[in-house]
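Participant: For reference, the sequence and a predicted model appear below.
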Number of protein chains: 2
Amino acid sequence: MALQDEFHFIDQIKPKRVFQSGLIAGIGDDAALFRPTPNMEQIICMDTMVEGVHFNSHTMDPYQIGYKALAVNISDIAAMGGVPTYYLVSIAIPKDWNEADLLSIYEGMAMLADRYAMDLIGGDTVSIAETLVITVTVLGEVEKGKHFLRSHAKPGDIVFVTGTIGDSAAGLNLLLHNGKEHSFTELEESLIHKHQYPIPKVEIGRLLSSFDRVSLNDISDGLASEANEIAKASGVTLRIDDDKIPLSEAILTQFKDRALEFAFYGGEDFELVGTVAASDWDILQKKAKEHGYVLSKIGIVSDDGPAVFLNRNGELQKLEMKGYNHFTK
Amino acid sequence: MALQDEFHFIDQIKPKRVFQSGLIAGIGDDAALFRPTPNMEQIICMDTMVEGVHFNSHTMDPYQIGYKALAVNISDIAAMGGVPTYYLVSIAIPKDWNEADLLSIYEGMAMLADRYAMDLIGGDTVSIAETLVITVTVLGEVEKGKHFLRSHAKPGDIVFVTGTIGDSAAGLNLLLHNGKEHSFTELEESLIHKHQYPIPKVEIGRLLSSFDRVSLNDISDGLASEANEIAKASGVTLRIDDDKIPLSEAILTQFKDRALEFAFYGGEDFELVGTVAASDWDILQKKAKEHGYVLSKIGIVSDDGPAVFLNRNGELQKLEMKGYNHFTK
């Protein structure tokens, strides 16, 4: 993008209003400036999405790409128990993308940002030869000492997940086989929606923050990988019951045989997996229900060293940290 | 990069020590957590460098790419009057890059980060088909109300720059014509060094912060563009004297006829351009000299509307906001 075009583009994406009272200077200077809220810890994360790796023209339109690039970062803030406040966007733009599509990316982000009263405060726009790359940094905050770490799990804890798992990967599978313009059934659409518009679990994170000790991870790389990260960071064993994994009606109807594969290795659900003290579980369940959130107990924590075991019809098998390769499966 | 390789790679780049006492959790969870220093404003910026656009194998080696990707961001913190504290790195890696070169990128960053006691606290590693893309986010802080904005210039102010201008573009020109393996003269080497290892002007920024009102911009896109940004943000005219632009012995020897072109339109010097009250100029000059910094008065601010004029042998001509196109000139 030539410099003049860049200035014109930046003028168009510049937010028309400010949500956060701590913002001193957003887009328009060398860097952004803000006053952090007193007595809050600051949270920061950064995730990148690459054309041809995390999305392509068969799976997502520009608006969805923008939405998702921000959502995956907000999900990381949620997994720390925080609320998102600001975001910055760096975009590398190939010649074959037009301005309308680029603006759509920012509109998809702005839609989600508005929901959380987040301000876009900076970033970069650069050229690239071939593939669009979008990197988003999100700032958030959490009350002092109230954050969740993966290392907080202890033997005796309950392992839980939010929502249903595996839907995003099932939706991606449908998109890769049929393309996003295909006429899908309502159940199929619900899976695809989970892939294109994952909802960060900020509110559930905030609800959890009223409990003393919570370990938490957002499910970006599949349940197997995320559970192993908690096990490793906490030095504990997570024993997960195969038949307790919450699966949606849609995935059971469309992908009965592959549902658990998608849940364990599929990734991009952006649900949460975590642990709480067993004594807190009933209260947590009750509170979650009051707010309309679905939490499922899927296992327990024991002190047999850092590992994840799957209880499959009474037989324990190790759940390896196999990852998610987006478009290669 | 496969997930297992990614974990291995992250283990290697994870810092072995912590500088900032406010850091609660760095690399290794969903997001990083820190306690901001009381009574300080937080500063944040984000810049991207793309293979084939901002660097290629003829102009920079991996260590230099890493150094520069961090330096350009620290320069933005310096232009706000702040000190850098933390950084995050997202890297999109094509298959043809090997691990040793990738680690070199992080070593180049770590060398500079150590100098400023900055901690690497997060980021992302993803695959890409063709070109390496590196995006760096830097956090910094500045005492409440002590930040500099481009909008701070007022009629009667002195316009100044730090160091010498145009050297980086001259160095890039040498690299593009000869390749980085060429045997350069000592003077040529000094220009190339300015392109490959620009030094962010954090210390000068801090010295300026003892003055009441300073407008400041770092020179990333060439002096013409940066001066226009101050003029526009402050609604003032900057009148710059052509013959006051500080040019290095090297650029005058190697590129006598193109030196000013490089200075105005070349970019990537990462020196600072700014304005201070005329009554502060002498004290500032004295203080700068005591610390061994070179500041040059290059013009004055007047109230003739937002524009930049160049005084060339007594004739005023408008200095347009022409930008920097890296590899196309």
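Facilitator: In hand now; what should we look at?

Participant: quick one: is the helix or strand hosting A:Asn311 near chain B?
Facilitator: According to DSSP states H and E, A:Asn311 maps onto strand A:307-312. No. Strand A:307-312 stays clear of chain B (C-beta under 8 Å from any C-beta of the partner chain), getting no nearer than 15.0 Å. The C-beta positions use only the backbone N, C-alpha and C, and glycine is treated the same way.

Participant: OK, contacts around the spatially closest residue to A:Asp101 that is not a sequence neighbour?
Facilitator: Once flanking residues are discounted, A:Asp101 sits nearest to A:Pro62: 4.3 Å by C-beta to C-beta, 6 or more residues apart in numbering or on different chains. Residues near A:Pro62 by C-beta atoms under 8 Å, 6 or more residues apart in numbering or on different chains: A:101-102, A:104-105, A:108.

Participant: Drop anything exposed from these.
Facilitator: A:102, A:104-105, A:108 (16 or more other C-beta atoms under 10 Å in any protein chain shown).

Participant: Output those in CSV, with secondary structure and pLDDT appended to each entry.
Facilitator: CSV is the format used below for the buried ones among the contacts of A:Pro62 (DSSP: H, G, I helix; E, B strand; the rest coil; pLDDT from 0 to 100):
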residue, secondary structure, pLDDT
A:Leu102, helix, 96
A:Ser104, helix, 97
A:Ile105, helix, 98
A:Gly108, helix, 98
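
Participant: so which of the residues you listed comes closest to A:Ile134?
Facilitator: A:Ile105 (6.8 Å; C-beta to C-beta).

Participant: Now stretch A:143-161: buried residues?
Facilitator: For stretch A:143-161, by 16+ other C-beta under 10 Å, it's A:146-154, A:157-161.

Participant: Start and end of it, how far apart?
Facilitator: Start-to-end span of stretch A:143-161 (C-alpha to C-alpha, to the nearest Å) is 23 Å.

Participant: what mean pLDDT does it have?
Facilitator: For stretch A:143-161, mean pLDDT is 96.

Participant: wait, does that stretch contact chain B?
Facilitator: Yes. Stretch A:143-161 reaches chain B (C-beta under 8 Å from any C-beta) through A:144, A:147, A:149-150.

Participant: Serialize those residues to a markdown table and add fields for secondary structure.
Facilitator: Formatted as a markdown table, those follow (DSSP: H, G, I helix; E, B strand; the rest coil):
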| residue | secondary structure |
| --- | --- |
| A:Lys144 | coil |
| A:His147 | coil |
| A:Leu149 | coil |
| A:Arg150 | helix |
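
Participant: coming back round to it: for the residue nearest to A:Asp101, what are phi and psi?
Facilitator: phi -50, psi -40 (degrees, to the nearest 10).

Participant: distance of it from chain B?
Facilitator: 19 Å (C-beta to the nearest C-beta, to the nearest Å).

Participant: now A:Lys232
Facilitator: According to C-beta to the nearest C-beta, A:Lys232 and chain B sit 10 Å apart.

Participant: In a strand, that residue, correct?
Facilitator: No. Assigned with three-state DSSP, A:Lys232 falls outside any strand and is helix.

Participant: what's the nearest residue to it if we skip its chain neighbours?
Facilitator: Using C-beta to C-beta, 6+ apart, the closest residue to A:Lys232 is A:Pro306 (4.7 Å).

Participant: Tell me the first helix or strand C-terminal of the strand or helix carrying A:Ser190.
Facilitator: In this assignment (DSSP H and E), A:Ser190 forms part of helix A:186-196. Scanning forward in sequence from helix A:186-196 by DSSP H and E, the next helix or strand is helix A:202-208.

Participant: Say whether chain B is contacted by that next one.
Facilitator: No. Helix A:202-208 is not in contact with chain B by C-beta under 8 Å from any C-beta; minimum separation 10.2 Å.

Participant: And the average pLDDT for stretch A:297-312 is what?
Facilitator: 96.

Participant: For it, give me every contacting residue.
Facilitator: A:153-161, A:224, A:227-228, A:231-232, A:234-242, A:244-246, A:275, A:278, A:281, A:316-319.

Participant: repeat for stretch A:123-132
Facilitator: Contacts for stretch A:123-132 (C-beta under 8 Å, 6+ apart): A:1, A:6, A:9-10, A:27, A:50-52, A:88-95, A:97, A:137, B:46-50, B:52-54, B:128-131, B:133, B:135.

Participant: Please enumerate the helices of chain A.
Facilitator: Here chain A has its helices, by DSSP state H, at A:3-13, A:62-78, A:99-115, A:167-178, A:186-196, A:202-208, A:223-234, A:249-254, A:259-265, A:281-290.

Participant: Point out where the stretch 1-150 of chain A drops to low pLDDT.
Facilitator: Filtered on pLDDT under 70, the stretch 1-150 of chain A yields the residue ranges A:1-4.

Participant: Given the strand holding A:Asn311, what are its sheet partners and their directions?
Facilitator: Neighbouring strands of strand A:307-312 in its sheet, by DSSP bridges, are strand A:237-241 (parallel), strand A:315-318 (antiparallel).

Participant: Relative to chain B, how far out is the nearest residue to A:Trp97 once chain neighbours are set aside?
Facilitator: Spatial nearest neighbour of A:Trp97, chain neighbours left out: A:Leu132 (6.0 Å); criterion: C-beta to C-beta, 6+ apart. Distance of A:Leu132 to chain B, given as C-beta to the nearest C-beta: 10 Å.

Participant: Equivalent analysis for A:Tyr63, please.
Facilitator: From A:Tyr63 to chain B the distance is 21 Å (C-beta to the nearest C-beta).

Participant: how about that residue, what does it touch?
Facilitator: Counted by C-beta under 8 Å, 6+ apart, A:Tyr63 has contacts A:104-105, A:107-108, A:111.

Participant: What residue, apart from its backbone neighbours, is nearest it spatially?
Facilitator: Going by C-beta to C-beta, 6+ apart, A:Tyr63 has A:Gly108 as its nearest residue, at 3.9 Å.

Participant: Can you give me the neighbour number for A:Met321?
Facilitator: Using other C-beta atoms under 10 Å in any protein chain shown, A:Met321 has 21 other residues around it.

Participant: which non-adjacent residue is nearest it?
Facilitator: A:Met321's closest residue in space is A:Asn228 (C-beta to C-beta, 6+ apart), at 4.3 Å.

Participant: dump the residue contacts of that neighbour.
Facilitator: By C-beta under 8 Å, 6+ apart, A:Asn228 lies in contact with A:307-308, A:319-321.

Participant: okay, now A:Asp257: neighbour count?
Facilitator: Neighbours of A:Asp257 using other C-beta under 10 Å come to 6.

Participant: typed the wrong thing, it's A:Trp97
Facilitator: The local packing of A:Trp97 (other C-beta under 10 Å) involves 16 other residues.

Participant: cool, and A:Val273?
Facilitator: 26.

Participant: That one bridge partners, please.
Facilitator: Beta-bridge partners, per DSSP bridges, of A:Val273: A:Val161, A:Asn217.

Participant: and it, how far is that from B:Ala31?
Facilitator: Going from A:Val273 to B:Ala31 by C-beta to C-beta, to the nearest Å gives 16 Å.

Participant: Can you give me the buried ones in stretch A:33-45?
Facilitator: For stretch A:33-45, by 16+ other C-beta under 10 Å, it's A:33-37, A:40-45.

Participant: And it, end to end?
Facilitator: 17 Å.

Participant: That one close to chain B?
Facilitator: Yes. Applying C-beta under 8 Å from any C-beta, one finds stretch A:33-45 in contact with chain B at A:33-36, A:41-45.

Participant: Please tell me which one of the contacts of A:Asn228 counts the most neighbours.
Facilitator: A:Val308 (26 neighbours).

Participant: Which strand residues bridge that residue?
Facilitator: A:Leu238.

Participant: With A:Asp269 as the reference, measure out to it.
Facilitator: 17 Å.

Participant: before we move on, what about A:Tyr293?
Facilitator: Counting by C-beta to C-beta, the gap from A:Tyr293 to A:Asp269 is 15 Å.
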